[in-house]
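> Would you be able to build a 3D model of this:
(one chain, ligands or ions: 2)
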Amino acid sequence: MTRFAQFAAVALSLAAPALASCDYGTHLNPRSESVPISTFGYTGLTGPLNWFGLNETANKLCATGKNQSPINLDSSITTAHGSSVTFKVDAYPHGAEFENLGTTVEVPVNGSLVADGKSYKLAQFHFHTPSEHRVDLEYFPMEAHFVFSAADKSTAVVGFLINLGLIPDPLLASVFASVGMIATPGSTTSTGPLVFGPLENHLNSNTIFKYSGSLTTPPCSEGVSWYISTKPLTIDEITYQRVRDVVKFNSRYTQNSLGEINLLQNAANEL
Ligand SMILES: *[C@@H]1O[C@H](CO)[C@@H](O)[C@H](O)[C@H]1NC(C)=O
Ligand SMILES: *[C@@H]1O[C@H](CO)[C@@H](O)[C@H](O)[C@H]1NC(C)=O
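Ligands and ions are numbered 1, 2, ... in the order given. Down below sits the predicted model:
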């Protein structure tokens, strides 16, 4: 590449820093015609340690925010019964679109959440491997995020940790039936039939963690209401391997405890 071509490529890649961010499809980041491929990543200079460097204005909170996600979920985090929130996802008996955004695999679906007196609309759900949140310091092979936005543009995420087990969750098996078809970033396919009643019951019949954190991808916006089931879902090993082959690695490192100095800010202060 010539110097100019290099510059142009970098300028182009910086122009849309959060196209496929984890708020993709919400009011903050509306869905576009074709599947956008993310310009941030999880390795080297595109990775989480340099998200601030990709756009110091847009991504400032990634390096300075004091309520960043993901975190270690321990006894300091508030819990509530899952029945205190109303989580609904429409059924897609013929499957839904399944997209590879380069940084995650995602399914745009409709649904709703009523939590802490606020009503939200569902935009999509997507996956991280390994899990982003930890529970008592332990990580899990995967994590699912259902991303909602409210009329006032605030964001809520319902999260499920996913463990390996012998009896796979039928919903996850149906979501991932065709994951091998979207190995290339930007590609799409269709999931198997999706029915969310058992997942809604899973959330409603177990304890949840609740806290106010951030998006786990650029621009790392804060004020995100997290509701995470304390009881993991289960995936079988072969399906897990197939997902990992496509997604590779897309987990932001564990952030400092809520309200404490951002770990990158701390490092900068120490230099
Ligand atoms: C950085 O993000 C801001 C939006 O916060 C945008 O206006 C600006 O163009 C971006 N800069 C680059 C170099 O992409
Ligand atoms: C969600 O609902 C809207 C409005 O009813 C509809 O236009 C859209 O196609 C739906 N999206 C999905 C993914 O079902």
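
> Pretty sure residue 134 sits against residue 72.
Yes - using CB atoms under 8 Å, residue 134 is in contact with residue 72, at 4.7 Å. C-beta: built from backbone N, CA, C; applies to glycine.

> Now do the shared contacts for the two.
Both residue 134 and residue 72 are in contact with residue 254, where contact means CB atoms under 8 Å, 6 or more residues apart in numbering.

> Based on its surroundings, how many neighbours for the residue in the stretch 151-271 of the chain that ligand 1 sits nearest to?
Taking CB to the nearest ligand atom, ligand 1 has its nearest neighbour within the stretch 151-271 of the chain at residue 219, 7.2 Å off. Counted with other CB atoms under 10 Å, the neighbours of residue 219 add up to 25.

> before we move on, what about the one 3 residues further on?
Taking other CB under 10 Å as the neighbour definition, residue 222 ends up with a count of 16.

> Also residue 102?
Counted with other CB under 10 Å, the neighbours of residue 102 add up to 20.

> Skip the chain neighbours and tell me the closest residue to it.
Nearest residue to residue 102, sequence neighbours excluded (CB to CB, 6 or more residues apart in numbering): residue 185, at 3.5 Å.

> Close to ligand 2: what parts of this protein are there?
Counting by CB under 6 Å from any ligand atom, the chain comes close to ligand 2 at 108, 109, 110.

> With only the CA atoms kept, save stretch 95-111 in PDB.
Written as PDB, here are the backbone C-alpha positions of stretch 95-111 (Å, rounded to 0.1, in the frame of the first residue of the first chain):
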ATOM      1  CA  GLY A  95     -36.100 -18.700  12.200                       C
ATOM      2  CA  ALA A  96     -34.600 -15.200  12.300                       C
ATOM      3  CA  GLU A  97     -31.700 -13.500  10.500                       C
ATOM      4  CA  PHE A  98     -28.300 -14.500  11.900                       C
ATOM      5  CA  GLU A  99     -25.400 -12.100  11.200                       C
ATOM      6  CA  ASN A 100     -21.700 -12.100  11.600                       C
ATOM      7  CA  LEU A 101     -20.600  -8.600  12.500                       C
ATOM      8  CA  GLY A 102     -16.900  -9.500  12.700                       C
ATOM      9  CA  THR A 103     -16.900  -8.800  16.400                       C
ATOM     10  CA  THR A 104     -19.900 -11.000  17.300                       C
ATOM     11  CA  VAL A 105     -22.700 -13.100  15.900                       C
ATOM     12  CA  GLU A 106     -26.100 -11.400  16.300                       C
ATOM     13  CA  VAL A 107     -29.800 -12.100  15.800                       C
ATOM     14  CA  PRO A 108     -32.100  -9.100  15.300                       C
ATOM     15  CA  VAL A 109     -35.400  -9.800  17.100                       C
ATOM     16  CA  ASN A 110     -38.300  -7.900  18.700                       C
ATOM     17  CA  GLY A 111     -39.300  -8.100  22.300                       C
END
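
> Tell me which residues of that stretch come out buried.
By neighbour count on 16 or more other CB atoms under 10 Å, the buried set for stretch 95-111 is 95-96, 98-109, 111.

> thinking again about what came up before, how confident was the prediction at the residue of the stretch 151-271 of the chain closest to ligand 1?
Model confidence at residue 219, given as pLDDT, is 98.

> My guess is it contacts residue 61. True?
Yes - applying CB under 8 Å, one finds residue 219 in contact with residue 61, separated by 6.6 Å.

> What residues sit buried inside the helix or strand containing residue 238?
Assignment of secondary structure by DSSP states H and E places residue 238 within helix 237-247. When neighbours are counted by 16+ other CB under 10 Å, the buried residues of helix 237-247 are found to be 239, 240, 242, 243, 246, 247.

> now swap in stretch 128-141 and tell me
Burial within stretch 128-141, assessed by neighbour count using 16+ other CB under 10 Å, is assigned to 128, 129, 131, 132, 133, 134, 135, 139, 140, 141.
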